[in-house]
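Peer 1: Model the following, please.
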Amino acid sequence: MGLTIRNQYSARVYVAIGFYDNSCPNNTGPHLMGWWGIDPGRGALVYANDVNQYSPMWFYVAEAVNGPVWAGSHVVQIPNQAFNRCERPGVSGGYARGFRELFVGDNEDFTLTLTG
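Peer 2: The predicted model follows:
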C-alpha cells in the first residue's frame, strides 16, 4: 500500500508531496513532505499507507538536477532540505514551489511516473 514515485526521466529528480489529513491544526493546509532523490529508472515509496485514507486529491512537485520541473499552481514555501510539516500560510524561509494536483481516486496504492 502507498504512493510510489517512479523516475523515467534521464536524470535524478527530487520530489515533494502533499496530502490533506487530520494532523494539520485548524485545516491550515495539506501535510507536506520532501525531498526524495530518485535516480533514473528507479522508484521510491514516499507514503506507506493507503493513499485514499484521507482524500482522493494529493499534490506533488518534482525537480530534476538538470533543470526540468514538474510543478503546478498550489504555491507554498518549502525548504530545500528534508521536511515533514503542515503548510503554514505566511511562513517565510525556503522557496516558493508550485505543487501539482494528483488525483489518486479510491485506490489504496498509486504509482506516479515522471517522464521527460
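Peer 1: Find the nearest non-adjacent residue to residue 31, please.
Peer 2: In space, and not counting its chain neighbours, residue 31 is closest to residue 21: 5.1 Å by CB to CB, 6 or more residues apart in numbering. C-beta: built from backbone N, CA, C; applies to glycine.
Peer 1: Surely the one you found and residue 54 touch.
Peer 2: Yes: Residue 21 lies in contact with residue 54 (CB atoms under 8 Å); the separation is 4.5 Å.
Peer 1: Please identify which of these two sits among more neighbours.
Peer 2: residue 54 (16 against 13; other CB atoms under 10 Å).
Peer 1: Please report the distance of that one from residue 47.
Peer 2: According to CB to CB, to the nearest Å, residue 54 and residue 47 sit 11 Å apart.
Peer 1: Give me the common contacts of these two.
Peer 2: Taking CB atoms under 8 Å, 6 or more residues apart in numbering as the contact rule, residue 54 and residue 47 both touch residue 19.
Peer 1: Residue 47: how many residues sit nearby?
Peer 2: Using other CB under 10 Å: residue 47 sits among 19 other residues.
Peer 1: Am I right that residue 26 sits in a helix?
Peer 2: Yes: assessed with DSSP: H, G, I helix; E, B strand; the rest coil, residue 26 lies in a helix.
Peer 1: The closest residue to residue 108 other than its chain neighbours and residue 109, how far apart?
Peer 2: Spatially, and ignoring its direct neighbours in sequence, residue 108 is nearest to residue 50 (4.4 Å; CB to CB, 6+ apart). The gap separating residue 50 from residue 109 is 8 Å, by CB to CB.
Peer 1: Same question for residue 58.
Peer 2: 13 Å.
Peer 1: neighbour count winner among these two?
Peer 2: Applying other CB under 10 Å to residue 58 and residue 109 shows that residue 58 carries more neighbours, namely 23 against 13.
Peer 1: Might you report the residue contacts of that one?
Peer 2: By CB under 8 Å, 6+ apart, the residues touching residue 58 are 3, 17, 18, 19, 51, 101, 102, 103, 104, 110.
Peer 1: What's the PyMOL line that selects buried ones from those residues?
Peer 2: Applied in PyMOL, the following selects the buried portion of those according to 16 or more other CB atoms under 10 Å:
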select buried, resi 3+17+18+19+51+102+104+110
